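In: only geometry, no sequence info:
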């Protein structure tokens with residue numbers, strides 16, 4: 001990367017407690033993935049599933065990877081969240097009824113922050129190159 005190019009930020013990151021819980025779930029269930037819920041039954045929680053237990057849509061947007069797990073959301077959710085960086089964290093509580101952390105006494109939580117103008121420009125440039 002040339003020094004004149006802006007750093008391209010990750011669209012999704014995870015805290016150390018989230019990475020530890022992901023590692024624990026992967027040890028128990030094998031490969032997992034995340035899908036950012038858009039509401040309904042479990043609000044807007046990041047949901048963790050076994051890779052063979054959740055059917056991704058061909059249109060789902062892959063934001064990146066956390067703890068070896070792909071992180072996805074629907075195109076309509078992405079339109080809402082595309083200006084933000086997601087930070088997946090863990091807090092005490094009951095996980096989503098279908099999410100693998102349910103029953104651990106912990107649940108995943110999405111925190112977010114708006115990208116700076118420079119970060120947004122870097123993302124647009126990088127994603128434009130990837131599409132081309």
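Out: Good, I have the coordinates. Computed from a predicted structure; not experimentally measured. Numbers count the residues shown, from 1 in each chain.
In: now do the contacts for residue 104.
Out: Shown in contact with residue 104 (Cβ atoms under 8 Å, 6 or more residues apart in numbering): 21, 24, 95. Any C-beta I mention is one placed from the backbone N, CA and C, and that applies to glycine too.
In: typed the wrong thing, it's residue 81
Out: Applying Cβ under 8 Å, 6+ apart, we find residue 81 in contact with 36, 73, 112.
In: check residue 106 too.
Out: With contacts defined as Cβ under 8 Å, 6+ apart, the neighbours of residue 106 are 17, 21, 90-93, 95.
In: identify the bridge partners of it.
Out: Beta-bridge partners of residue 106, counted by DSSP bridges, are residue 92.
In: show the pLDDT at it.
Out: Predicted confidence (pLDDT) at residue 106: the value is 95.
In: next one: residue 95
Out: According to the model, residue 95 scores 75 on pLDDT.
In: against residue 13, how distant is it?
Out: Distance of residue 95 to residue 13, given as Cβ to Cβ, to the nearest Å: 20 Å.
In: who's more crowded, the two?
Out: residue 95 (22 against 17; other Cβ atoms under 10 Å).
In: I'd assumed residue 102 was in contact with the more buried one.
Out: Yes: checked against Cβ atoms under 8 Å, the pair residue 95 and residue 102 is within contact range at 3.8 Å.
In: helices - which of the contacts of residue 104 land there?
Out: Taking DSSP state H, the ones among the contacts of residue 104 that sit in helices are 21, 24.
In: can you lay out the contacts of residue 104 as a markdown table showing distance to residue 107?
Out: Formatted as a markdown table, the contacts of residue 104 follow (distance: Cβ to Cβ, whole Å):
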| residue | distance to residue 107 |
| --- | --- |
| 21 | 9 |
| 24 | 14 |
| 95 | 4 |
